[in-house]
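J.: Okay, predicted coordinates and the sequence, questions at the end:
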Amino acid sequence: MYTFKKEERLCNKKLLDGLFRSGFSFLCYPFRVSWMQVDAALPATVQVVFAVSKKRYRRAVDRNLIKRRMRETYRLHKQELLHLPLHEQNQQLVLSINYIGKEIADFKFMDKKMIKLLMQTCDQISASHVKLV
RNA sequence: GCUGCAAAGUGUUCUAUCGCUGCCUGGUUUCGGCCGGGCGGAGGAAAGUCCGGGCAACAAAGAGCAUCCUGCUUCUUAACGGGAAGGCGCCCUGCAGCGGGCGACAGCCAGUGCCACAGAAAAUAUACCGCCCCUCAUCGGGUAAGGGUGAAAACGUGAGGUAAGAGCUCACGGCAGGUACAGGUAACUGUAUUUGCGGUAAACCUCAGGAGUUGAAAAACCAAAUAGGUCCCAAAAUGGAAGUUGCUCGCUUCUGUGUGCUGUGCAAACAGCAACGUUGGGAUGGGUAGGUUGUUAGAGCCGGUUAGCAAUAGCCGGUCCAGAUUAAUGAUAGAAACUGCCUUUGGGCAGCACAAAACCCGGCUUAUAGUUUUGCUGCUGUA
């Protein structure tokens, strides 16, 4: 349920390249999201990657803190907001979430934004699906 | 007691819920998994990547030259540009000692160069003022005692000496080199004697010692997939159209097909040969992505003991202590320490440093809230 194992992380280099080259993207401050639907079988319904700019945050301690908060908020909400709708539509997704905020946000703020982000993603996917059909 | 400096040590803790990662392990299974349990899981600097080593691959007869690095001595070590002890110089300090701090601290008596501005002159003294001699005077000659300049002025003071002067001579003193003796493993120190007297080697250089190159994205291995390379074997045609047949295969006819060479022919063209290409099969070594090893039992850590002034080393006993790889070591809530501020002495509010392993060690450097210990400077109080 609230797990976040290796299968749910995006490690495949080819998929990553494809995501950044031809995926869709939108902004949901303080995050920037890129996503792409995948036909080939994945080990999990959604594979995700979190990123924080090294240019913006010089110290490794800060980057770690942001990534951990992002991961935690994603972990708590992904099941009901992302996995269930996708499962109904029989879709698979790769996702990247970039942190672009200028300051280190606290947990509550990130939590709120992550819920919004996930819902927005779902909307976009179903919209594109309808368009294709 | 306070303050400052230096050195050494320490670098918040606990509970609940939900997770991540490594190892061990129980049950179940349709052998894909599923449900559990236990034990570990960032640092003193993990940082900067500045030195040194292990390890790995490649290179390599030996010697010299070049280039780069190091530079008081002895010791320590796997090694070092690190460390320890000692020597010398400078500073704290007006002198000496104690104590503390700092020092690229080998050689300008091998050679070459450089020394801004000012100043007459910055090094075999081209003499500005001055002094002395000669002269009626100028010119000329001697002179580094004095003036002024400068970061630095021809070793300092006194005497002799002289026309005036000058280490020219002498006495005392300063610094440097040589020699002898004494002490010390040595750097060096002391005494005697002798020779000399600007600085600069983070100037070239000289001397002594050292350095192969590249780094875990090193390197070794694994079975598949994809595209292409090379080699071998086989097929000689192949595409299109028409006919034959109920249809397909097959067969027949017509037509098109790159390069080179040879032959026939005036030419178009035809025939033959060659490799290349085409199709199918096989082999091969490399690249990409993936996985495993390398990769955490080590110059390890803790305690004791022996040797040593110490760095350090030996011996004995105990112990196993992170291992990620788009990169784990967390999030939330509550409580307790600690530090400020407020206070109605119940408490309330705020803060809690610097900073994240990436093959592994030894150092150095830099960052660091608090707090503990030791030493020292300064101030103040008491006896």
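T.: Cool, the structure landed.
J.: low-scoring stretches of chain A, by residue?
T.: A:1-6, A:11-14, A:21, A:39-43, A:87-88, A:129-133 (pLDDT under 70).
J.: And the helices in it, which stretches?
T.: Ranges of helices in chain A, per DSSP state H, are A:13-22, A:60-78, A:84-89, A:107-132.
J.: Mind putting those into a markdown table with mean neighbour count and distance to A:Ser34?
T.: C-beta coordinates here come from the backbone N, C-alpha and C atoms, glycine included. Below are the helices of chain A laid out as a markdown table (neighbours: other C-beta atoms under 10 Å; distance: least, C-beta to C-beta, whole Å):
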| stretch | mean neighbour count | distance to A:Ser34 |
| --- | --- | --- |
| helix A:13-22 | 12 | 6 |
| helix A:60-78 | 16 | 14 |
| helix A:84-89 | 13 | 16 |
| helix A:107-132 | 15 | 10 |
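J.: nearest to A:Arg32, of those helices?
T.: With distances scored as C-beta to C-beta, the stretch of the helices of chain A nearest to A:Arg32 is helix A:107-132 (9.9 Å).
J.: about what we covered before: the helices of chain A into CSV, with extra columns for distance to RNA strand B?
T.: What follows is those, written out as CSV (distance: least, C-beta to the nearest atom of the strand, whole Å):
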stretch, distance to RNA strand B
helix A:13-22, 4
helix A:60-78, 4
helix A:84-89, 16
helix A:107-132, 3
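J.: I'd like to know which of those is closest to A:Val33.
T.: So among the helices of chain A, helix A:107-132 is nearest, using C-beta to C-beta, at 6.2 Å.
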